[in-house]
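Visitor: Predicted coordinates and the sequence they were generated for:
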Amino acid sequence: MTPSIPTTATESPHAIADEVIEQAAAWLVEISSDDCDAEQYAAFLRWQDADPSHAQAIRSMQVMIDQLEHLQQLQQTQYPTPHIPSAVAESTDSHFAQSEIVEHAIQEQQQLEKKFSYRSALSMFCILGILTVLFSWQFLPVNYWLADQRSHYQQWSEQQLLDQSHIKISGESAYNIHFDPTQRRIELLSGNIMVDVAKDPQRPFTVSTTYADIQALGTRFMVQHSAEQSILTMLESKVVVHSKQTGQTQIIQAGQQVMIDGNGIHAIQAISPALYQQAWQQHRLIVDQMPLSQVLDILQSYQQDKIYYRAADLHGLHVTAILPLDDPQQAYTLLQDSLPIQIRQPLPYIRYVHSIKK
């Protein structure tokens, strides 16, 4: 008979902003690591208390942890695993008391790890894998599955549209197609596309993201879109970029790259169109003094692992490199070799990036 998981009332994750859920997950990973010190834990408590939604996100994840503990107890009566305490205790206990609980749990886990057999370690690995799947459910991109066109982590493909335009798509990407007698609009939901636009003077061709409308005045360009920003790379001719948040409008020419986010259109950077097109064909990412956080957002779409980081922790770190998109581990190694950062994998399918204190 398969053990059942107790049903527990949870607060709907849909009421919490996606970025808050991701921040909560990143904090849980950080405070559960061996490197977590009193200063980091105090920072976690400040973040938790800053907004009610922060504590709500932690509680939602804690319910899943509690359910997994119950399942583990039912399946492993002969091989007990260490108790994972609640990251946020809904009681009148002080923050000092919570710190003592965490410290005690860490000591308990270290002692038990010395006694674990291979079978126990393997079972714990499976439990962590289940936990990862449940966490991933919180981030399930429903729009991705309903999109007109989508691709997966290591997929590279091309589509010819009804107007004879071509769209190349790579990594975990998705877009919708809106064509009518007056317009041709591609709604890029997430990911990476290279567009080759067919001429049609009667119907403007536009790529829309969360942050910008990009109207083609020429032929070929690339757009990389994530939750944090959209990056436009002009390969041929030019486009008009309109910021949805600030109302800015700017023409971007061939050989230029620009980032657009909630704060508007940022500084233009010169690039080599031929080099970028070659990199796409070879499944590589070229970056020149790009903020590390932006690089990680792009790499996220090319791998199944979920990447967590705190933007403030990585502030000021920039990357100049050519990174392999088909080999995430090599990309991580190159980043660690060139920057004062550490990339850890505390759980299956989860990567945590943090700066190394000097």
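Guide: Nice, I can see it. Numbers count the residues shown, from 1 in each chain.
Visitor: Tell me the spacing between residue 330 and residue 324.
Guide: 5 Å (C-beta to C-beta, to the nearest Å). In short, each C-beta sits where N, CA and C put it, glycine included.
Visitor: higher neighbour count, the two?
Guide: Comparing residue 330 with residue 324 by other C-beta atoms under 10 Å, the one with more neighbours is residue 324, at 15 against 11.
Visitor: Okay, residue 208 and residue 184: tell me how far apart.
Guide: 11 Å.
Visitor: what's the answer for residue 37, then?
Guide: For residue 37 relative to residue 184 (C-beta to C-beta), the value is 54 Å.
Visitor: just residue 277 next, same as before
Guide: Residue 277 is 23 Å from residue 184, by C-beta to C-beta.
Visitor: Among these two, which residue is more densely surrounded?
Guide: Neighbours per residue (other C-beta under 10 Å) separate residue 277 from residue 184, with residue 184 holding more: 22 against 16.
Visitor: Who is the more buried one paired with across the strands?
Guide: Taking DSSP bridges as the rule, residue 184 bridges to residue 179, residue 205.
Visitor: List the residues that contact it.
Guide: Residues near residue 184 by C-beta atoms under 8 Å, 6 or more residues apart in numbering: 161, 163, 165, 178, 200, 203, 204, 205, 206.
Visitor: Domain map for this structure?
Guide: 13-140, 149-272, 282-358 (automatic domain parsing).
Visitor: In JSON lines: these, plus mean pLDDT.
Guide: Below are those laid out as JSON lines (pLDDT from 0 to 100):
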{"stretch": "domain 13-140", "mean pLDDT": "61"}
{"stretch": "domain 149-272", "mean pLDDT": "95"}
{"stretch": "domain 282-358", "mean pLDDT": "91"}
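Visitor: Would you confirm that residue 177 contacts residue 188?
Guide: No: contact criterion C-beta atoms under 8 Å: residue 177 and residue 188 do not qualify, at 10.7 Å.
Visitor: The two: which is more packed in?
Guide: Comparing residue 177 with residue 188 by other C-beta under 10 Å, the one with more neighbours is residue 188, at 25 against 15.
Visitor: thinking in terms of the whole chain, how far from its middle is the helix or strand that contains the more buried one?
Guide: Residue 188 is part of strand 183-196, with elements assigned from DSSP states H and E. Centroid displacement of strand 183-196 relative to its chain, using C-alpha atoms, centre = their mean, to the nearest Å, is 20 Å.
Visitor: Check stretch 168-182 too.
Guide: On the basis of C-alpha atoms, centre = their mean, stretch 168-182 sits 21 Å off its chain's mean C-alpha point.
Visitor: Now do the buried residues in it.
Guide: Under the neighbour-count criterion of 16 or more other C-beta atoms under 10 Å, stretch 168-182 has 168, 169, 170, 171, 172, 173, 174, 175, 176 buried.
Visitor: Could you list which of those belong to strands?
Guide: 168, 169, 170, 171, 172, 173, 174, 175, 176 (DSSP state E).
Visitor: quick one: contacts of stretch 245-265?
Guide: Residues contacting stretch 245-265 (C-beta under 8 Å, 6+ apart): 209, 211-212, 217-218, 228-243, 266-273, 294.
Visitor: Taking those residues, please make a ChimeraX selection of just the buried ones.
Guide: Remark: buried members of the contacts of stretch 245-265, expressed as a ChimeraX selection using 16+ other C-beta under 10 Å:
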select :209,211,212,218,228,229,230,231,232,233,234,235,236,238,239,241,242,243,268,271,273,294
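Visitor: From one end of stretch 315-333 to the other, what's the distance?
Guide: 20 Å (C-alpha to C-alpha, to the nearest Å).
Visitor: Stretch 262-278: how far from the chain's middle?
Guide: Worked out by C-alpha atoms, centre = their mean, stretch 262-278 lies 21 Å from the chain centre.
Visitor: how about that stretch as CSV, C-alpha atoms only?
Guide: Extracted in CSV, the C-alpha atoms of stretch 262-278 (Å, rounded to 0.1, in the frame of the first residue of the first chain):
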residue,chain,number,x,y,z
GLY,A,262,11.3,48.2,-15.8
ASN,A,263,13.5,51.3,-15.7
GLY,A,264,13.5,51.8,-19.4
ILE,A,265,16.0,51.6,-22.2
HIS,A,266,19.6,51.4,-21.0
ALA,A,267,22.9,52.4,-22.6
ILE,A,268,23.7,51.0,-26.1
GLN,A,269,26.7,48.8,-26.6
ALA,A,270,28.5,48.1,-29.8
ILE,A,271,28.7,44.4,-31.0
SER,A,272,29.9,42.4,-34.0
PRO,A,273,26.8,41.1,-35.9
ALA,A,274,28.9,38.4,-37.7
LEU,A,275,30.3,37.1,-34.4
TYR,A,276,26.9,36.9,-32.8
GLN,A,277,25.4,35.1,-35.7
GLN,A,278,28.3,32.6,-35.7
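Visitor: so which of the ones in strands among the buried residues of stretch 168-182 comes closest to residue 46?
Guide: Within these, the smallest distance to residue 46 is 33.0 Å, found for residue 172 (C-beta to C-beta).
Visitor: quick one: what helix or strand has the nearest residue to residue 271 once chain neighbours are set aside in it?
Guide: Closest residue to residue 271 apart from its sequence neighbours, by C-beta to C-beta, 6 or more residues apart in numbering: residue 257 at 4.7 Å. Residue 257 belongs to strand 256-261 when elements are defined using DSSP H and E.
Visitor: still on that earlier bit, can you say which of the contacts of residue 184 are buried?
Guide: Those of the contacts of residue 184 that meet the buried threshold are 161, 165, 204, 205, 206, by 16+ other C-beta under 10 Å.
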